[in-house]
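*Asks:* Provide a 3D model corresponding to the input given below.
(one chain, ligands or ions: 1)
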Amino acid sequence: MRCEAAEPTTLARPETRRCVECGMAYGTPTFGYHEGILENGPAYWSDRGILCSPRCSLTHFRRREAEGTLPSEPAANPFAFERYGG
Ligand SMILES: [Zn+2]
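*Replies:* Numbering: from 1, shown residues only. Now for the predicted structure:
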């Protein structure tokens with residue numbers, strides 16, 4: 001399941017590939033990708049989902065901080081691509 005066709009009103013699962021702050025869809029040209037390359041996965045994410053930009057990342061951090069729900073450890077990369085150069 002790679003390319004998901006646009007499903008306008010399908011109820012989103014938590015891991016749906018959209019910025020958790022602004023809702024930008026993963027795949028949008030302005031989304032922040034690791035090294036600017038879509039195939040590399042998102043440049044920002046949290047345990048709640050992916051983030052499209054430094055701005056949304058910061059917004060998310062501050063919101064979580066205000067909520068007192070900041071995770072105690074870094075979230076795992078939801079895309080988990082392997083770049084360890086082994
Ligand atoms: Zn965003």
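*Asks:* pLDDT below threshold where in this protein?
*Replies:* The chain contains residues with pLDDT under 70 at 1-16, 80-86.
*Asks:* Tell me the backbone dihedrals of the most centrally placed residue in it, please.
*Replies:* For the chain, the residue sitting closest to the mean C-alpha position, by CA atoms, centre = their mean, is I50 at 1.1 Å. Main-chain dihedrals, I50, degrees, to the nearest 10: phi -90, psi 160.
*Asks:* which ones are touching it?
*Replies:* 17-20, 26, 42, 44, 78 (CB atoms under 8 Å, 6 or more residues apart in numbering). Every residue, glycine included, has its C-beta placed from N, CA and C.
*Asks:* Recalculate using a threshold of 6 Å.
*Replies:* P42 (CB atoms under 6 Å, 6 or more residues apart in numbering).
*Asks:* Return the set of residues that bridge with it.
*Replies:* C19, W45 (DSSP bridges).
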